[in-house]
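A.B. asks: turn this into a model:
(chains A and B)
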2 protein chains.
Amino acid sequence: MEEEQVIRTDLCSSGKEKPQADQLEFGRIFTDHMFLMDFTDDKGWHDPRIVPYEPLSIDPSAMVFHYGQSVFEGMKAYRTPDEDAQLFRPQRNFKRMNHSNSRLCIPPIDEAFALKALKQLIGLEKDWIPEAEGTSLYIRPFIISTEPYLGVSPSSHYKFIIILSPVGAYYKEGINPVKIAVEHEYVRTVKGGTGEAKTGGNYAASLKAQELAEDGIAQVLWLDGVDRKYIEEVGSMNVFFKIDGKVVTPALNGSILEGVTRNSVIQLLKYWNVPVEERRLSLEEVVTAHKDGKLEEAFGAGTAAVISPISQLVRGDKHLEINQGKTGTIAKRLYDTLTGIQYGKIQDPFDWIEKVEDVQQETLKASS
Amino acid sequence: MEEEQVIRTDLCSSGKEKPQADQLEFGRIFTDHMFLMDFTDDKGWHDPRIVPYEPLSIDPSAMVFHYGQSVFEGMKAYRTPDEDAQLFRPQRNFKRMNHSNSRLCIPPIDEAFALKALKQLIGLEKDWIPEAEGTSLYIRPFIISTEPYLGVSPSSHYKFIIILSPVGAYYKEGINPVKIAVEHEYVRTVKGGTGEAKTGGNYAASLKAQELAEDGIAQVLWLDGVDRKYIEEVGSMNVFFKIDGKVVTPALNGSILEGVTRNSVIQLLKYWNVPVEERRLSLEEVVTAHKDGKLEEAFGAGTAAVISPISQLVRGDKHLEINQGKTGTIAKRLYDTLTGIQYGKIQDPFDWIEKVEDVQQETLKASS
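C.D. replies: Below is the predicted model:
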């Protein structure tokens, strides 16, 4: 039904100035336009539109402010050497958004229509995709509950919004080993909770551990909330350990987010015939492997940093150095291959890339 | 410092029509004015003001929409037989708000100043406190993170807001036994998580279990997230069981919210010399007590319903009827005493009541 909806457009009269590539931070500057769509119980998802980026007018009693009923996604648009714009596996993000929606009692979106809307928005904002090495246009689709009602129940009103932000390389050096600390006091989530969903509450819960972490710690390593001994995620990324020739990552257990980069890493490793295991992995196993000289590499995987090698695992006053603090062979190969595919510099054998066609502002004006 | 801040006022030219007492629902109608205050890293909490109730203008990238960094409180203003307005233990709510703030990395508020601001707002909106039996003016203080930034870190901008909503009796009959179901699949939170804090994510996580509960189930009974056998809370209330003459409630363990009504119930029971225990309580112990004929009463305690007797505990296909489905003696006595004190109908031996002085709109206009 939503496939047939027309995306209304209301364009800016003049655009904002675009930032210099070397001044790009993460997520502080937004493009000229955004996509919006509303949900009400009687109309379903309706009124899809591309409008100037501007503040939202929301009632103080809107549920999102009180009961956190919200979901989001994160992906990127990349500029190729041919000046084309392209996306990396965007279907998986919208599919995961619906998985999150289900857990949060938010009505599902039409995934194909969402992708169509995103491509139209990116096509319109293509000039905002920065050109420099490692830069991209970060894409943030999100849904918030807007019913003006203080009862604890699923909202009857929502807004689905997509905003865009030109971002710099996550690490200036491209790929840079970081120190992570094992978190023993706080937990991110637990089986039966919302860990599998990309929802605000998981991130709100994670702030305290990061705040308390010592200087120089880039991320914390989350342990499971039940036994407090199995590895779950690192910061807001999935995590991989290369132990005695095999790459091991925690299996999806109900409290770990299924990362698109995680899935891509596993596929690449299999394609390369590198042994990879998704299973329960205790911190103790990693510590023992380190002691026995069998912990060869460790790295995080996520949309923002792509691959983030781990130089040290900090556990109380013990610092376990991994691979002499350097980026490992597998991490480097994964980073180069993933970014190569994402930026259209190497062949994509997996059909991961989704091209975005240019949209002329004049065309939109004529059709709207 | 904040004590000396002047609360700026900008009053409505004409007020909204007030609802009929018999049409009052919970949390759908809001009064003419609200309190707001801003936080920025450089200025701290500043610009306290009472302004007309109206939509907030918030950037789509504001952190609250993405990472759920928010806290809230719930309390009520009551109208006494002498037409005075009064609050019930509001200091505890603002203290708990700061406890929540600490967990969520939100800068603390000045509790005394918040109470002063609340009293000024209530004094101004006193005509909105409904008169009918069991009705009150629900108070919702909340803090949201508003920095326009997509990085996962504590926000540098916040808004502290208080809105007011005239509400009807939670149950038309005043006190009404409800059926609750034991939740086995989903968990609300876990030790090390955010369960002790009153933050949106806990409520977002709770929606699914309630949605899946069978018809006629008013609330779900949450078990702990680790062993899945110890009782935590019921719905969004604390829970009490009278077993063999003793009233037992789960001890505060890091994942249970410390309810103001919970604390008041415990104080009242001690005052009455009724044995009361705060300790770990397994579901099995309750089921065994029921089998042995020793489960005398069960009830929830919270600001909205005050005391909510439990008529049946549903566990899979088993229905355990409690006290023949009727309101128990202790639940009734607690309800009558708490509401009696709250509405100023009986003496308050605990100094729980905080009187609110009338505020004349003319006075505010002159001072602003």
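A.B. asks: which one is the residue of chain A found nearest chain B nearest to, not counting chain neighbours?
C.D. replies: Distances between chain A and chain B by CB to the nearest CB are smallest at A:G201, namely 2.0 Å. To be clear about C-beta, it is placed using only N, CA and C from the backbone, and glycine gets the same treatment. The shortest distance from A:G201 to any non-neighbouring residue, by CB to CB, 6 or more residues apart in numbering or on different chains, is to B:G201 (2.0 Å).
A.B. asks: where's that neighbour, which helix or strand?
C.D. replies: helix B:200-212 (DSSP states H and E).
A.B. asks: what's the mean pLDDT across that helix?
C.D. replies: Throughout helix B:200-212, pLDDT has a mean value of 93.
A.B. asks: residues in contact with the first helix or strand past that helix going along the chain?
C.D. replies: Per DSSP H and E, the first helix or strand lying C-terminal to helix B:200-212 is strand B:217-223. By CB atoms under 8 Å, 6 or more residues apart in numbering or on different chains, the residues outside strand B:217-223 that reach it are B:178-184, B:187-188, B:206, B:209-210, B:213, B:229-235, B:237, B:239, B:283, B:300, B:308, B:313-314.
A.B. asks: kindly report the same for stretch A:202-212.
C.D. replies: For stretch A:202-212, contacts defined as CB under 8 Å, 6+ apart pick out A:68, A:183, A:185-189, A:194-195, A:219-220, A:222, A:235-236, A:257, B:66-70, B:103-105, B:152-154, B:193-194, B:199-201.
A.B. asks: out of those, which are inside strands?
C.D. replies: A:219-220, A:222, B:70 (DSSP state E).
A.B. asks: just the pLDDT for A:E173.
C.D. replies: Note on A:E173: pLDDT of 65.
A.B. asks: what do you get for A:Q23?
C.D. replies: pLDDT, A:Q23: 85.
A.B. asks: tell me the contacts of it?
C.D. replies: By CB under 8 Å, 6+ apart, the neighbours of A:Q23 are A:G168.
A.B. asks: just to revisit the earlier point, with just CA atoms, put the helix holding B:G201 into CSV.
C.D. replies: C-alpha atoms of helix B:200-212 as CSV (Å, rounded to 0.1, in the frame of the first residue of the first chain):
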residue,chain,number,x,y,z
GLY,B,200,12.4,5.9,29.6
GLY,B,201,14.2,2.8,28.5
ASN,B,202,12.9,0.7,31.4
TYR,B,203,9.3,1.5,30.3
ALA,B,204,10.0,1.0,26.6
ALA,B,205,11.4,-2.5,27.5
SER,B,206,8.2,-3.3,29.5
LEU,B,207,5.7,-2.6,26.6
LYS,B,208,6.0,-6.0,24.8
ALA,B,209,5.1,-8.2,27.8
GLN,B,210,2.1,-6.1,28.5
GLU,B,211,1.0,-6.2,24.9
LEU,B,212,1.3,-10.0,24.8
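A.B. asks: residues near the residue nearest to A:G168 when sequence neighbours are not counted, how many?
C.D. replies: Counting by CB to CB, 6+ apart, the nearest residue to A:G168 once its immediate chain neighbours are dropped is A:L24, at 3.4 Å. Neighbours of A:L24 under the rule other CB atoms under 10 Å in any protein chain shown: 20.
A.B. asks: list the contacts of A:L24.
C.D. replies: Here A:L24 is in contact with A:130, A:132, A:135, A:166-168 (CB under 8 Å, 6+ apart).
A.B. asks: any of those residues buried? List them.
C.D. replies: Buried subset of the contacts of A:L24 (neighbour count, 16 or more other CB atoms under 10 Å in any protein chain shown): A:130, A:135, A:166-168.
A.B. asks: A:V167 pairs with what?
C.D. replies: Here A:V167 shows beta-bridge partners A:S136, assigned using DSSP bridges.
A.B. asks: contacting residues for it?
C.D. replies: Contacts of A:V167 (CB under 8 Å, 6+ apart): A:24-27, A:76, A:130, A:135-138.
A.B. asks: one more: A:R279?
C.D. replies: Contacts of A:R279 (CB under 8 Å, 6+ apart): A:248, A:250-251.
A.B. asks: what does the stretch 1-150 of chain A put close to chain B?
C.D. replies: A:26-28, A:30, A:34, A:53, A:55-61, A:64-70, A:72, A:103-105, A:138, A:140, A:142, A:144, A:148-150 (CB under 8 Å from any CB of the partner chain).
A.B. asks: among the residues you listed, which are located in helices?
C.D. replies: A:64-67, A:103 (DSSP state H).
A.B. asks: what's the per-residue pLDDT of A:T363 here?
C.D. replies: 61.
A.B. asks: do A:G192 as well
C.D. replies: 93.
A.B. asks: report how many residues lie close to it.
C.D. replies: 25.
A.B. asks: and the spatially closest residue to it that is not a sequence neighbour, how far from A:M63?
C.D. replies: For A:G192, ignoring the flanking residues on the chain, the nearest one in space by CB to CB, 6+ apart is B:V187 at 3.8 Å. For B:V187, the distance to A:M63 equals 21 Å [CB to CB, to the nearest Å].
A.B. asks: next one: A:K229
C.D. replies: 37 Å.
A.B. asks: now A:L269
C.D. replies: Applying CB to CB, the value for A:L269 to A:M63 is 42 Å.
A.B. asks: those two: who's more crowded?
C.D. replies: Remark: of A:L269 and A:M63, A:M63 carries more neighbours, 28 against 21, as counted by other CB under 10 Å.
A.B. asks: pull the contacting residues for that one.
C.D. replies: Per CB under 8 Å, 6+ apart, neighbours of A:M63: A:69, A:145-147, A:149, A:155.
A.B. asks: and the furthest pair within these?
C.D. replies: Spatial extent of those (CB to CB) is set by the pair A:Q69 and A:Y149 at 11.3 Å.
A.B. asks: anything in contact with each of these two?
C.D. replies: A:63, A:155.
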